[in-house]
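**Q** no FASTA, just this:
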């Protein structure tokens, strides 16, 4: 299935729906309730993955992409960090942030998915 994105300018996985078109809108709706918390969770998750690599990928009996496995891991993590930075830059632009908020307002997303304390 081809990826479809709500906003093509965002490169990260939060906006793109791939195999499960039914759950994507709901996951994304929860994800964007609190952008500050979301950004912090993203940074922490990337850091955790970098510090705790999945050891199975280093086992020779498991198929892998060509090349050095540690090098491939490093390249992948750099790509994840780059996409997260692009997403953060996109959301730092007041015009993009306003468009996001306006779209959520029009679809009543916050009322449906976001808890207010």
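**A** Noted; the coordinates are in hand. As the structure is a prediction and not an experimental result, all values here were calculated from the model.
**Q** neighbours of residue 80, how many?
**A** 16 (other C-beta atoms under 10 Å). Placement of C-beta: from N, CA and C, glycine included.
**Q** actually, residue 108.
**A** Close neighbours of residue 108, defined as other C-beta under 10 Å, add up to 9.
**Q** and it, how far from residue 60?
**A** The spacing between residue 108 and residue 60, counted by C-beta to C-beta, to the nearest Å, is 53 Å.
**Q** repeat for residue 79
**A** The separation that residue 79 has from residue 60, given C-beta to C-beta, amounts to 24 Å.
**Q** just the helices in this protein please.
**A** Shown for the chain, the helices assigned by DSSP state H span residues 24-31, 35-51, 69-92, 94-106, 109-113.
**Q** may I see the buried residues of stretch 96-114?
**A** Neighbour-count burial for stretch 96-114, counted by 16 or more other C-beta atoms under 10 Å, picks out 100, 104, 109, 113.
**Q** equivalent analysis for stretch 74-92, please.
**A** For stretch 74-92, by 16+ other C-beta under 10 Å, it's 80, 83-84, 87, 90-91.
**Q** what of stretch 35-44?
**A** Neighbour-count burial for stretch 35-44 flags 38, 42 (criterion: 16+ other C-beta under 10 Å).
**Q** contacts only, for residue 33.
**A** 110, 113-115 (C-beta atoms under 8 Å, 6 or more residues apart in numbering).
**Q** what about 7 Å?
**A** 110, 113-114 (C-beta atoms under 7 Å, 6 or more residues apart in numbering).
**Q** do residue 88 as well
**A** residue 39.
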